[in-house]
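> Following is a predicted model, sequence given first.
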Amino acid sequence: MTVNSKKVQSLSSFSWSIAEILRGDFKQSEYGKVILPFVVLRRLDCILESSKEAVLEAAQNLPKGIDEHTQDMILFGAVGGGLKVYNLSKFTFKTLHGQDPNDIHKNLIDYITKFNANVRDIFLDKFLFTDQLKRLKDAGILWQVFESFVQIDLHPSHVSNIEMGYLFEDLIRRFSEISNETAGEHFTPREVIHLIVDLLLINDADALVSSGIIRTVYDPACGTGGMLAIAEEEMKKLNPKIRIELFGQELNGESFGICKSDMLVTGHNPDQIAYGNTLTDDAHKDKKFHYILSNPPYGVDWKKYKDPIEAEAQTQGFNSRFGAGLPRVSDGQLLFLMHMISKMRDDETGSRIGIVMNGSPLFTGGAASGESEIRRWIIENDWLEAIVALPTDLFYNTGIQTYVWLLTNRKAKNRRGKVQLIDASNECFWQSMRKSLGSKRREIPETARQEIVNIYHEQLNGGSGWGEFSKIFDTAEFGYREIRVERPLKLNFQCSEERLAKLKRDKIFIKLTQREQDELIKSLSTHTLKTLFKNREGFEKILKKSLQDISFKFSAPVKKAIFSALAEKDETADICLDTNGNPEPDTELRDTELVPLKENWQMYFDKETKPYVPDAWVDETYKDAKDGQVGRVGYEINFNRYFYKYTPPRPPLEINNDLKLLEKEITDLIKGLTV
């Protein structure tokens, strides 16, 4: 279905012009709270106007004592078209316009409160629309605003469902810009959604054209429903007879209201769009879906609701959504991804996931961290199929680089054990916009989108042409084993005045009585102990002998304080040995090496470390919690490293010539100032 962009722009501008009526009585940040609900209300009014008499007649003929569910089914049938919305008020916008303007507030309240419960909840609880109507009435501008909306024709025969989606998007963007809100929290640029949907469907195109096909689509952070709507649109292009069930959940009340309204007017079950926090209260528990796609919030702190998430992970382990690990509380993107993975179908068809995230989930967190363990779980289960790097400046609320992750639990044979990386950030995949929209300065044209999808579908792997933007790796390429490298502790000891002064400042020493302090310092000030010792065992013997006549018994912490104050690092000193005669490690010199997972850690250490640090060794007690082998396993995907292209510096002579030219320009400018 084609979209008339001029019509959408005209409707948006008209709706936006109503903001002029609100100016002065409402803050700019509040314009959307009035205009967006009115747009939804007008859309529903246009849809229901033709069935008004049939619905009222059916309501009069309802049997006495009928339950609400049966009543809804009868009245939905009177509306027709599979719509799950009706209104029992005698009014329509047209008849409201013919009433006394002084009664408009009372009549609108009657109209809104006589929708069926699902729709009534949207206006009363999510839009809080009655509060706005009262403010409009008190300001004396309710009739003006209502009269303006009567002029807009939003009937589906005039404005398609897709065009309504674009209208909502444009209005939300405008309101977000003037109120400094985060527009990207409400919707995702349409070309990005189309790209994700195309990537999800390209390998399933043949399977979707069969007769009797039913597919479920789910977005756990659905916003206004853009991803769900476009997924349905593209699948209907492949097979007009396909049955599609849409599911979602959204935390923002206004976005939820718009999304649920859209489901109502397009004949979908509105109960499948839930309100609430997906991470703490999964409204679609135990449900699985064919296609799962989302653009969850980036870098959003989940500390305020971490308790139920941690409890689920700890009590249920891998049977929970978050058993693989928990990311740091400053960013919940990977929580959404794990939740989406929990929704994959375990049947022959399986599921496909498309999620857009920033760069943090690719590499944040070292070995054994929550983020690394989540990546490990995903990659070792061979669910990750591809990652596409998108251009910067593509989203309305951020200019940072983003990435589309594609996952499935039914990989094709030729993709098993492999991950495809596609660098679509190159300028050949985007074009500058004539006018920026917030942070959005670039867009992906349709031709570029098709090339990205083709690169993925054809599994291009290096080479010239489009292949230079795609590389395929074994899953093990992203794994490493972090081994702990130790070096021996080497200390010298001496009871010099400087080191004794350091002991006197120690908190443990200060806690001794003055008599004990004096006695200890006197015993340490013997001529023998003023000698520089380079062997700890030898120093201990002399020290023990010097302190044997101390009249009080000092504790282990005091002894530790003495050694700490009298010792200094010395590469020429003997190695300090533990009670078993093994070299004691110097924790300050401790280091780690990241050994590629495909390599043997011992061979790697012998080749890369031992020749340069002969006295180093690997701490073999530092093991991975899962496989029990030496070194902790970690996973990261350093995208830039795989597509880095070396650019040689300019020749020194060329740089020198440029500097001379700049020097001459500066000199000429200075001369001009002094003339």
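Right, received. Where do you want to start? Numbers count the residues shown, from 1 in each chain.

> give me the low-pLDDT residue ranges for the stretch 51-200 of the chain?
Across the stretch 51-200 of the chain, the stretches falling below the confidence threshold (pLDDT under 70) are 176-187.

> quick one: the helices in it?
Listed in chain order, the helices found in the stretch 51-200 of the chain under DSSP state H, counting those that start in this stretch are 52-60, 68-79, 93-97, 104-113, 117-121, 129-139, 142-150, 161-178, 190-201.

> Just the buried positions in the longest one, please.
In terms of neighbour count (16 or more other Cβ atoms under 10 Å), helix 161-178 has its buried residues at 161-176. Where C-beta positions appear, they are placed from N, C-alpha and C, glycine not excepted.

> re the thing from before, for the helices of the stretch 51-200 of the chain, give me a markdown table that also has distance to Val630.
Converted to a markdown table, the helices of the stretch 51-200 of the chain look like this (distance: least, Cβ to Cβ, whole Å):
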| stretch | distance to Val630 |
| --- | --- |
| helix 52-60 | 73 |
| helix 68-79 | 63 |
| helix 93-97 | 74 |
| helix 104-113 | 68 |
| helix 117-121 | 58 |
| helix 129-139 | 64 |
| helix 142-150 | 70 |
| helix 161-178 | 52 |
| helix 190-201 | 39 |
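
> Can you say which of those helices is nearest to Ile452?
Nearest to Ile452 among the helices of the stretch 51-200 of the chain is helix 190-201 (6.4 Å), distances taken as Cβ to Cβ.

> Which strands and helices lie in contact with the closest one?
Packing contacts for helix 190-201, counted by 3 or more Cβ pairs under 8 Å, 6 or more residues apart in numbering; DSSP states H and E, involve helix 226-238, strand 291-294, strand 352-358, strand 384-389, strand 402-408, helix 446-458.

> Name the next helix or strand downstream of that helix, please.
On the C-terminal side of helix 190-201, the closest following helix or strand by DSSP states H and E is helix 205-208.

> buried residues in that next one?
Judged by neighbour count using 16+ other Cβ under 10 Å, the buried positions of helix 205-208 are Leu208.

> Work out the gap between that helix and the centre of the chain.
The gap between the average C-alpha position of helix 205-208 and the chain average comes to 30 Å, counting by Cα atoms, centre = their mean, to the nearest Å.

> Renumber starting at 52 from here on
Let's use 52 as the start, then, which means that last one is helix 256-259.

> can you map out the strands along the stretch 352-501 of the chain?
Remark: strands of the stretch 352-501 of the chain, listed N- to C-terminal, are 403-409, 435-440, 453-459, 469-474, 482-488, 491-494; assignment by DSSP state E, counting those that start in this stretch.

> Likewise for the stretch 502-651 of the chain?
According to DSSP E, counting those that start in this stretch, the stretch 502-651 of the chain carries its strands in the segments 521-525, 530-537, 542-544, 618-620, 642-647.

> Now do the third one: everything it contacts.
Strand 542-544 is touched from outside by 583-585, 587, 590, 594, 614, 617-621, 623-624, 627, with contacts defined as Cβ atoms under 8 Å, 6 or more residues apart in numbering.

> same deal with stretch 124-133?
Contacts of stretch 124-133 from elsewhere in the structure, counted by Cβ under 8 Å, 6+ apart, are 99, 102, 105-106, 108-110, 113, 117, 134-137, 139, 167, 318.

> can we see that at 7 Å?
Residues lying outside stretch 124-133 but in contact with it, judged by Cβ atoms under 7 Å, 6 or more residues apart in numbering, are Leu99, Ser102, Ala105, Val106, Ala109, Ala110, Leu113, Leu134, Lys135, Val136, Tyr137, Gly318.

> any chance of those in CSV, plus distance to Ser306 and neighbour count?
CSV is the format used below for the contacts of stretch 124-133 (distance: Cβ to Cβ, whole Å; neighbours: other Cβ atoms under 10 Å):
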residue, distance to Ser306, neighbour count
Leu99, 23, 19
Ser102, 28, 18
Ala105, 32, 15
Val106, 29, 21
Ala109, 33, 19
Ala110, 32, 15
Leu113, 34, 12
Leu134, 21, 19
Lys135, 20, 20
Val136, 19, 22
Tyr137, 24, 26
Gly318, 21, 12
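
> from these, which two are the most distant?
Those two in the contacts of stretch 124-133 that are separated most widely, counting by Cβ to Cβ, are Leu113 and Gly318, at 23.0 Å.

> Could you point out which residue ranges in this structure have low pLDDT?
Applying pLDDT under 70 to the chain flags the ranges 52-56, 227-238, 725-726.

> for it, which helix is longest?
The residue-count maximum for a helix in the chain (DSSP state H) belongs to helix 703-725.

> How far does that one sit from its chain's centre?
Averaged over its C-alpha atoms, helix 703-725 has a centre that lies 49 Å from its chain's centre (Cα atoms, centre = their mean).

> for stretch 401-418, same thing?
Centre to centre, stretch against its chain (Cα atoms, centre = their mean), the figure for stretch 401-418 is 8 Å.

> Report the buried residues of that stretch.
When neighbours are counted by 16+ other Cβ under 10 Å, the buried residues of stretch 401-418 are found to be 402-416, 418.

> now do stretch 188-200
For stretch 188-200, the buried set under the neighbour-count rule, 16+ other Cβ under 10 Å, comprises Lys188, Ile192, Leu193, Trp194, Gln195, Val196, Phe197, Glu198, Ser199, Phe200.

> Okay, helices next: where are they in the stretch 552-701 of the chain?
Listed in chain order, the helices found in the stretch 552-701 of the chain under DSSP H, counting those that start in this stretch are 558-561, 565-575, 587-597, 607-617, 652-659, 690-693.

> The closest residue to Lys357 other than its chain neighbours and Asp397, how far apart?
Spatial nearest neighbour of Lys357, excluding adjacent residues (Cβ to Cβ, 6 or more residues apart in numbering): Val380 at 5.7 Å. Val380 is 31 Å from Asp397, where distance means Cβ to Cβ, to the nearest Å.

> Can you pull up the most central residue in the protein?
The C-alpha lying nearest the average C-alpha coordinate of the chain belongs to Gln384 (Cα atoms, centre = their mean; 3.1 Å).

> That one against Val407, yeah?
No - Gln384 is not in contact with Val407 according to Cβ atoms under 7 Å; the separation is 9.6 Å.

> still on that earlier bit, tell me which two of the contacts of strand 542-544 sit farthest apart.
Taking every pair in these and measuring Cβ to Cβ, the maximum separation is 20.6 Å, between Leu594 and Thr623.

> More neighbours: those two, which one.
Neighbours around Leu594 and Thr623, counted as other Cβ atoms under 10 Å, are more numerous at Leu594. The numbers are 23 against 7.

> Can you check which of the strands of the stretch 502-651 of the chain gets nearest to Val248?
strand 521-525 (19.8 Å).
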